[in-house]
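# here you go, sequence then predicted model.
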Amino acid sequence: MTRWFPDGMPQPLADSEAVAWWEAAAEHRLVVQRCTDCAHTRLPPAPICPECRSDGSEWHEVSGRGEIYSYTVVHRPIALDQQVPFVIAVVALEGAGGVRMISNIVDADPDELSIGLALEVAWEDMSDDLAIPRFRIVR
Amino acid sequence: MTEPARRAHLVGVGETRYTKWGKIGDVTEHALACEAIKKAVADAGLSMDDVDGLASFAEDRNEAIFLAAEFGLPELRFANMVWMPGGGGTCAAVSNASMAVETGQAEVVVVYRSLCQGQYFRFGQGGPPRAAPPADAPPPTVQPASSMMLASIGFTMPYGLLNAAAAYALPTRRHMHLYGTTTEQLGMIAVTFREHASRNPRAVMGSRPMTLEDHQKAPMIADPHRLFDCCLESDGACAVVVTTAERARDLAKRPVEVLSSAQGTPKGYAFGPFSNANIADEIYATGGCESMAKRLYARAGVGPADIDVAQIYDHFTGCVLMQLEDYGFCKRGEGGPFVESGALAWQGGSLPTNTHGGSLSEAYIHGLNHVVEGVRSLRGESTSQVEDAEVCLVTAGACVPSSALILGRR
């Protein structure tokens, strides 16, 4: 089990809409929310489709591949014993209808990063109940 | 349309001393709010007995009902906090106060912001580094979010996206990718505002000159943001008095008219790049203000070419650059060459900007000091005065739901 970030990193805060997303993540399933009426996909989870205002939705599992949409290399630690610099990225998810998510890029030299670079999910088990989807460069 | 006699005017400004965060410990943030309000009312030539409205933004801790009681206001008829988060609401607070006086809900509204980051917490770091949990702490898991804002940032916090320097690096990095914007161009913004601050005795960084080399050598905070791309963290307070044209006519200082005000947020924007990875591609590498800017100009009956001086919310240099495009001073993607041309300079620039030094060099009072400087620059009182300035753009925080003003001297 690989760990990249310390236990002191902020824990997710979820309303009732997002709990199921984190439950899927705990099983290493990366999902996006898809409208059952118009098939528009969305993240973060929300009760209403912003395109057709339907309240029907389902969880659509995606491949875990994606690419860098934007990123920043952060030189200030968030938690004690955290290695810096670390990378925060906007990841455009493959097969997700254009949905992006915030995540980290791990096992990468900041100098090799560029927008458009292909990524794949790398799950970090913070505990039995919490897995965080981080990403690594496809090599 | 508002009847001419009730058109909103800014008639008084006031501020306390401005310092580096944590340096004001002898008085409270609350007392500073009172000091700024009193000074602004005195500057207008009004009495506190004339004040019947109070307005603020950005979760200011000094609630209007208590201030009204403390000041012994005869009657509080209007109090307002803006719905937009943080510095995006600065100009909206003035806008809402203007609506109050224009509709007759109130006669004299004071807009105020008091901010002592040292007495509460520093915004810039997103809190101190978290200690390791104790050995007997329960394992990390998903915690309940008690509000929509916490649910929103709670979805991105686990990745360490906790401070603004990292959040707004994301659209700025994409802007650099799309258009070839450079760190030197960002640095020009910081250097220009620092030069303006050198004449401003209130400016926290007034006696600290900066060269482009200094900017390039500064430590990296969140790439591409170096230290001097990030605004100051300050202690201080300021206030602005809003009243009607009729009332403004007989007061102490030359009144400044609110030609137009606007507030808003584009479709799907939510809290902006701080928590939202799914802002539409067409507006991701922008300040999110373009559609609002069009409304703002249309209501004032002016365009970008008519702006003599601008006070642009400068939490980060990249956000300034993207706003210059949003507000139509150059085409999308051309902000870099525009600032490189020296456009923002007080002397010789086509758009003298942040003549007080801005949040990068005067102080970070959540941008209300930009409204104060907007008033001064049209009264002829700026320490970097643009000659014969008649129309001033003031913007609030971009890359969040935002607001703006066009001020005029007729």
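Thanks, I have the structure now. Residues are numbered from 1 along each chain as shown, chains lettered A, B, ... in the order given.

# burial of B:Met26, as a residue count?
No, residue B:26 isn't Met; it's Asp. 6 (other CB atoms under 10 Å in any protein chain shown). Any C-beta I mention is one placed from the backbone N, CA and C, and that applies to glycine too.

# report pLDDT for it.
At B:Asp26 the predicted local distance difference test score is 92.

# ok so it is a helix residue?
No: counting by DSSP: H, G, I helix; E, B strand; the rest coil, B:Asp26 is located in no helix; its state is coil.

# could I get the phi/psi values of residue 53?
As the question left the chain open, I've gone with chain A. phi 60, psi 20 (degrees, to the nearest 10).

# could you do chain B instead?
phi -150, psi 150.

# that one is in contact with B:Ala106, isn't it?
Yes: between B:Gly53 and B:Ala106 there is a contact under CB atoms under 8 Å: 3.6 Å.

# now the common contact residues for those two.
Both B:Gly53 and B:Ala106 are contacted by B:77-78, B:97, B:100, under the criterion CB atoms under 8 Å, 6 or more residues apart in numbering or on different chains.

# please tell me which one of the residues you listed counts the most neighbours.
Result: B:Ala97 is most packed of the shared contacts of B:Gly53 and B:Ala106 (other CB under 10 Å), 30 neighbours.

# give me the number of residues near the residue nearest to A:Pro45 when sequence neighbours are not counted?
Nearest residue to A:Pro45, sequence neighbours excluded (CB to CB, 6 or more residues apart in numbering or on different chains): A:Glu17, at 4.1 Å. For A:Glu17, the neighbour count with other CB under 10 Å is 17.

# what's near enough to touch the closest residue to B:Gly124 other than its chain neighbours?
Nearest residue to B:Gly124, sequence neighbours excluded (CB to CB, 6+ apart): B:Glu233, at 5.0 Å. B:Glu233 is in contact with B:20-21, B:117, B:122-124, B:364, counting by CB under 8 Å, 6+ apart.

# how about the contacts made by the residue in chain B that chain A sits nearest to?
Closest residue of chain B to chain A, CB to the nearest CB: B:Gly154 (2.5 Å). By CB under 8 Å, 6+ apart, the residues touching B:Gly154 are A:12-14, A:18, B:143, B:145.

# on that earlier part again, how about the shared contacts of B:Gly53 and B:Ala106, which pair is most distant?
B:Arg77 and B:Ala97 (11.8 Å; CB to CB).

# shared neighbours, these two?
What both B:Arg77 and B:Ala97 touch, as defined by CB under 8 Å, 6+ apart, is the set B:53, B:106.

# just to revisit the earlier point, which of the contacts of B:Gly154 are buried? Put it as a ChimeraX command.
Selecting the buried subset of the contacts of B:Gly154 in ChimeraX, with 16 or more other CB atoms under 10 Å in any protein chain shown as the burial test, is done by:
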select /A:12,13,14,18 /B:145
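
# quickly list what B:Val109 is bridged to.
Beta bridges link B:Val109 to B:Gly53, B:Val242, judged by DSSP bridges.

# that one: neighbour count?
29.

# pretty sure it sits against B:Ser56.
No: B:Val109 is beyond contact range of B:Ser56, at 10.7 Å (criterion: CB under 8 Å).

# starting at the chain centroid, how far to stretch A:62-73?
For stretch A:62-73, the separation from the chain centroid amounts to 8 Å (computed by CA atoms, centre = their mean, to the nearest Å).

# and that stretch, what's buried?
A:62, A:64-73.

# need the longest strand for chain A.
strand A:65-74 (DSSP state E).

# residue of chain A with the smallest distance to chain B?
Closest residue of chain A to chain B, CB to the nearest CB: A:Leu13 (2.5 Å).

# returning to that earlier point: strands - which of the shared contacts of B:Gly53 and B:Ala106 land there?
Among the shared contacts of B:Gly53 and B:Ala106, the members found in strands (DSSP E) are B:Phe78.

# closest one of the shared contacts of B:Gly53 and B:Ala106 to B:Val320?
B:Ala97 (25.4 Å).

# widest-spaced pair of the contacts of B:Gly154?
A:Ala18 and B:Gln143 (11.1 Å).

# overlap of the contact sets of these two?
The contact lists of A:Ala18 and B:Gln143 share A:12, B:154, where a contact means CB under 8 Å, 6+ apart.

# if we can go back for a sec, just checking, the residue nearest to A:Pro45 touches A:Arg42?
No: at 10.4 Å, A:Glu17 does not count as touching A:Arg42 under the criterion of CB under 8 Å.

# can you map out the helices along chain A?
Remark: helices assigned in chain A by DSSP state H are A:19-26.

# so where is it shaky, pLDDT-wise?
Scanning chain A for pLDDT under 70 picks out no residues.

# which ones are touching the residue nearest in space to the middle of chain B?
Centroid check for chain B by CA atoms, centre = their mean gives B:Gly367 as the closest residue, at 2.5 Å. By CB under 8 Å, 6+ apart, B:Gly367 lies in contact with B:87, B:90-91, B:313, B:359, B:396-397.

# which of the residues you listed count as buried?
B:87, B:90-91, B:313, B:359, B:396-397.

# turn those into a markdown table, including pLDDT.
What follows is these, written out as a markdown table (pLDDT from 0 to 100):
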| residue | pLDDT |
| --- | --- |
| B:Gly87 | 93 |
| B:Thr90 | 98 |
| B:Cys91 | 98 |
| B:Tyr313 | 98 |
| B:Ser359 | 98 |
| B:Ala396 | 98 |
| B:Gly397 | 97 |
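
# keep only those of the residues you listed that are in helices.
Going by DSSP H, the helices hold B:90-91, B:359 from the buried ones among the contacts of B:Gly367.

# quick one, strands of chain A?
Using DSSP E, strands in chain A cover A:13-14, A:31-35, A:41-42, A:57-61, A:65-74, A:86-93, A:100-105, A:118-125, A:131-137.

# number of residues surrounding B:Gly301?
Close neighbours of B:Gly301, defined as other CB under 10 Å, add up to 11.

# tell me the pLDDT at it?
Looking at B:Gly301, its pLDDT stands at 97.

# measure the nearest residue to it once chain neighbours are set aside to B:Leu251 for me?
In space, B:Gly301 comes closest to B:Leu259 once its chain neighbours are excluded; the distance is 7.7 Å by CB to CB, 6+ apart. Distance of B:Leu259 to B:Leu251, given as CB to CB, to the nearest Å: 19 Å.

# which of those two has more neighbours?
Shown here are B:Leu259 and B:Leu251; by other CB under 10 Å, B:Leu259 has more neighbours (23 against 18).
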